[in-house]
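S.K.: just coords:
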């Protein structure tokens, strides 16, 4: 029998990754729709659903670098790089899907980040996920 050094409650399989991606996509879609409604006004919720997979996939793909660091980067600097790349990908997707100029897409992206951070901290305090 082989012993595992660390046990993952989800098993770390493909199903766990897929469910995590879907939950992150739903979270980003809700927070983006709230931010877009606040910033632009009445907007269709489908646009947020089109944008949401981009930051979800980017953040999931880059989250591993926050723990070990990217090459010569320290772990804390790697987290900053991962968040920056996720924000850039989010801004590009928002600009494309909402058909906004950069002068409007960048504030909406920052507002989306703020809504996601506030809601994420609130949900963490309520449910204690993290």
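M.R.: Structure's in. What do you need? Keep in mind that what you see is a predicted model, and the values were worked out from it rather than measured.
S.K.: low-scoring stretches of the chain, by residue?
M.R.: By pLDDT under 70, the weakly predicted segments of the chain are 1-12, 64-71, 129-130.
S.K.: rerun that using 90 as the cut-off
M.R.: Within the chain, the stretches with pLDDT under 90 are 1-17, 20, 41-42, 44-45, 59-83, 123-124, 127-130.
S.K.: quick check, distance from whichever strand or helix holds residue 115 to the centre of its chain.
M.R.: In this structure, residue 115 sits in helix 102-127 according to DSSP states H and E. With CA atoms, centre = their mean, to the nearest Å as the basis, helix 102-127 stands 9 Å off its chain's centre.
S.K.: start at 577 instead
M.R.: Sure, I'll start counting at 577 from here, so that last one is helix 678-703.
S.K.: and it, what does it pack onto?
M.R.: Using 3 or more CB pairs under 8 Å, 6 or more residues apart in numbering; DSSP states H and E, the elements in contact with helix 678-703 are helix 590-615, helix 651-673. C-betas here are computed from N, CA, C, even on glycine.
S.K.: Pull out the buried positions in the last one.
M.R.: In other words, helix 651-673. Residues 654-655, 658, 661-663, 665-667, 669-671, 673 are the ones in helix 651-673 that count as buried (16 or more other CB atoms under 10 Å).
S.K.: Take the residues you listed and write them to CSV, including distance to residue 589.
M.R.: Shown next, in CSV, are the buried residues of helix 651-673 (distance: CB to CB, whole Å):
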residue, distance to residue 589
654, 25
655, 25
658, 23
661, 26
662, 24
663, 29
665, 26
666, 28
667, 32
669, 28
670, 32
671, 35
673, 31
